[in-house]
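[1] prediction below, plus the sequence it came from.
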Amino acid sequence: MTHVALTIAGSETTGGAGAQTDIKTFHQLGTFGAAALTCIASFDPKNNWAHRFVPIDPQVIADQIEAATAVHQIDTVKIGMLGTPATIDTVATALAERSFTNVVLDPVLICKGSDGGFAQDTDDALKAQILPRATFVTPNHFETIALSGVEKIESVEELIEAAKRIHELFDVIVLAKGGVMLEGEDAVDVFYDGEQVVELRSPKIGEERVNGAGCTLAAAVTAELAKGATPLEAARTAKAVVTSAIENRQEGATPFASVYQGKYQA
């Protein structure tokens, strides 16, 4: 029987990110994907492609998780975009009620420092209620700075120190993404599990971010863990998957491209 992974994430209707990308990544790696949607996000072509965001009722989120876990034996779950304190509370409760072996968190932070208010409340709730239940976290450059509390990350050495700090603070395996944000020819991500530091490198493919790359990385980790891979094995495969997805990116009318996982072969 095929292993099953669950994503609890938002819908991104163009197919480039969110639950759509998670399911495609699961499928490409031979894992059956289930999804519980937390919100609906759609780009606004009339407003410089900004996100329009509609949260899903908390009870509906709880119902989806209940259904997925009743139908399938699921021990591995990926957490993506949550977006509101109410959603975070619902998902935290669902995690507490179930004994998932692997909880992979793509820690989508929405407060960029000056937003405050609702955005800060949401991020604080994520750190307080979801991070303590995670077993594996995949922060991007900004999120690594925010979660570790460091002032800046401008080198691989600083990325390593920040990854270690996140592990110490939250007792979680870390795959911290340097990507295109660090200087040099390689896109460098750092894996740290409390014992070993491993730099995962691949040549940069341009200098621009690609929509859905972070979702793909976390989803690939999730799929591989569901199949029984070790965390480091899952991280290595995820790096290869996201590199392929960026190489084969899908262009559209937006000023940015989206990942495409369909060309990846192990």
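    Ah, there it is.
[2] okay, now the unreliable bits of this structure?
    111-116 (pLDDT under 70).
[3] contacting residues for Ala229?
    By C-beta atoms under 8 Å, 6 or more residues apart in numbering, the contact list for Ala229 reads Thr237. Backbone N, C-alpha and C define where each C-beta goes, glycine included.
[4] how long is stretch 202-210 end to end?
    Across stretch 202-210, the terminal residues are separated by 15 Å (C-alpha to C-alpha, to the nearest Å).
[5] now do the buried residues in that stretch.
    Ser202, Lys204, Arg209, Val210 (16 or more other C-beta atoms under 10 Å).
[6] how near is the residue nearest in space to the middle of the chain to Glu207?
    Residue closest to the average C-alpha location in the chain (C-alpha atoms, centre = their mean): Asp106, at 2.7 Å. The gap separating Asp106 from Glu207 is 22 Å, by C-beta to C-beta, to the nearest Å.
[7] count of neighbours near Lys152?
    Per other C-beta atoms under 10 Å, the neighbour tally for Lys152 reads 8.
[8] ugh, typo on my part, it should be Gly117
    8.
[9] thinking Ala92 is in contact with Gln129, fair?
    Yes. Ala92 is in contact with Gln129 according to C-beta atoms under 8 Å; the separation is 3.9 Å.
[10] pull up the overlap in contacts between these two.
    Counting by C-beta under 8 Å, 6+ apart, Ala92 and Gln129 have no contacts in common.
[11] from the chain's centre, how far out does the helix or strand harbouring Gly10 sit?
    In the assignment (DSSP states H and E), Gly10 maps to strand 4-12. Relative to the chain's own centre, strand 4-12 is displaced by 10 Å; criterion: C-alpha atoms, centre = their mean, to the nearest Å.
[12] list the helices and strands it packs on?
    helix 18-28, strand 32-44, helix 58-71, strand 76-79, helix 213-226 (3 or more C-beta pairs under 8 Å, 6 or more residues apart in numbering; DSSP states H and E).
[13] how about the helices in the chain?
    Under the criterion DSSP state H, the chain contains helices at 18-28, 58-71, 85-97, 117-125, 141-148, 156-170, 213-226, 231-247.
[14] just these: most buried one?
    For the helices of the chain, average neighbour numbers computed from mean count of other C-beta atoms under 10 Å are highest in helix 213-226, which has a mean of 29.
[15] show me what that one is packed against.
    strand 4-12, helix 18-28, strand 76-79, strand 102-105, strand 173-179, helix 231-247.
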